[in-house]
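> This is a predicted model, with the sequence first.
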Amino acid sequence: MIGRLTGTLVEKTPPTICVDVNGVGYEVDVPMSTLYALPELGARVSLHTHLTVREDAHLLYGFASLAERATFRQLIKVSGIGARTALAVLSGLSVADLAQAVTLQESGRLTRVPGIGKKTAERLLLELRGKLGADIGASPQQVPDSQSDVLNALLALGYSEKESLAALKGLPADVGVSEGIRLALKALVR
């Protein structure tokens, strides 16, 4: 497995770049976010890589950060998502934005990415839930203990995680569970 490449950037033809490593030119497909972060031609570059070996080709994908590579690897595990689609997702959304969309179950953000329809977006949300590292954005684990019971009650009543977390923001930190539920429901009705 080729896990990292360090060499001279000799060519940029989106989405492919060429990195010369001691006289060997490696063609590497990169998401647009990585392409924009690259230096000028002739400069030294270092990329975290993922190698895919197929019957007809060895394909190398490069990323500016370990988080991008880890997210790419999670994306290609999803049924029906290939490397090209995973690169498109990472080109259209940052890792943090994707994690937040998954946490908040916002399929609309994913459908803005070319090649991602409603069904694919919903499958991504379902299969990536809880798998994107820190699932950036609010999650029940990030809520203080005193408010977690209020959050669980709101979720049990059928409110979405996004609505429930928004209602929790207006609650005093030292509120009791029953009073917290009452105040949160009052905020949700508005």
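Here it is on my side, so go on.

> C-alpha only now, for contacts and for neighbours.
Noted.

> Run through who's touching the host helix or strand of residue 90.
Following DSSP states H and E, the helix or strand that holds residue 90 is helix 83-92. With contacts defined as C-alpha atoms under 8 Å, 6 or more residues apart in numbering, helix 83-92 is touched by 30-33, 68, 72, 75-76, 110, 112-116.

> list the buried ones in stretch 27-42?
Of all the residues in stretch 27-42, those buried under the rule 16 or more other C-alpha atoms under 10 Å are 27, 28, 29, 30, 31, 32, 33, 34, 35, 38.

> Among these, give me the pair with the biggest separation.
Using C-alpha to C-alpha, the pair of the buried residues of stretch 27-42 lying farthest apart is 27 and 33, separated by 17.2 Å.

> picking that back up, tell me the one among the buried residues of stretch 27-42 nearest to residue 174.
residue 33 (42.4 Å).

> pLDDT (mean, whole number) over stretch 15-33?
Across stretch 15-33, pLDDT averages out at 96.

> Return the helix or strand of the chain with the lowest mean pLDDT as CSV; C-alpha atoms alone will do.
In the chain, the helix or strand scored least confidently by mean pLDDT, DSSP states H and E is helix 145-156, which has a mean of 72. Extracted C-alpha coordinates of helix 145-156, given in CSV (Å, rounded to 0.1, in the frame of the first residue of the first chain):
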residue,chain,number,x,y,z
ASP,A,145,-25.2,15.4,31.7
SER,A,146,-27.9,17.6,33.2
GLN,A,147,-29.5,18.1,29.8
SER,A,148,-29.0,14.7,28.2
ASP,A,149,-32.3,13.4,29.8
VAL,A,150,-34.1,16.4,28.4
LEU,A,151,-32.6,15.7,25.0
ASN,A,152,-33.6,12.0,25.2
ALA,A,153,-37.1,12.9,26.1
LEU,A,154,-37.5,15.2,23.2
LEU,A,155,-36.1,12.6,20.8
ALA,A,156,-38.5,10.0,22.3
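
> Report the next helix or strand after the helix holding residue 90 in sequence order.
With DSSP H and E, the next secondary element past helix 83-92 is helix 95-103.

> Other residues contacting the helix or strand following that following helix?
The element immediately downstream of helix 95-103 (helix or strand, assigned by DSSP H and E) is helix 107-111. With C-alpha under 8 Å, 6+ apart as the contact definition, helix 107-111 has outside contacts at 89, 98, 101, 116, 117, 118, 121, 122, 125.

> and of those, the nearest to residue 187?
Nearest to residue 187, judged by C-alpha to C-alpha, of the contacts of helix 107-111 is residue 101 at 23.4 Å.

> Pull the contacting residues for that closest one.
Residue 101 sits next to 107, 109, 110, 125 when contact means C-alpha under 8 Å, 6+ apart.
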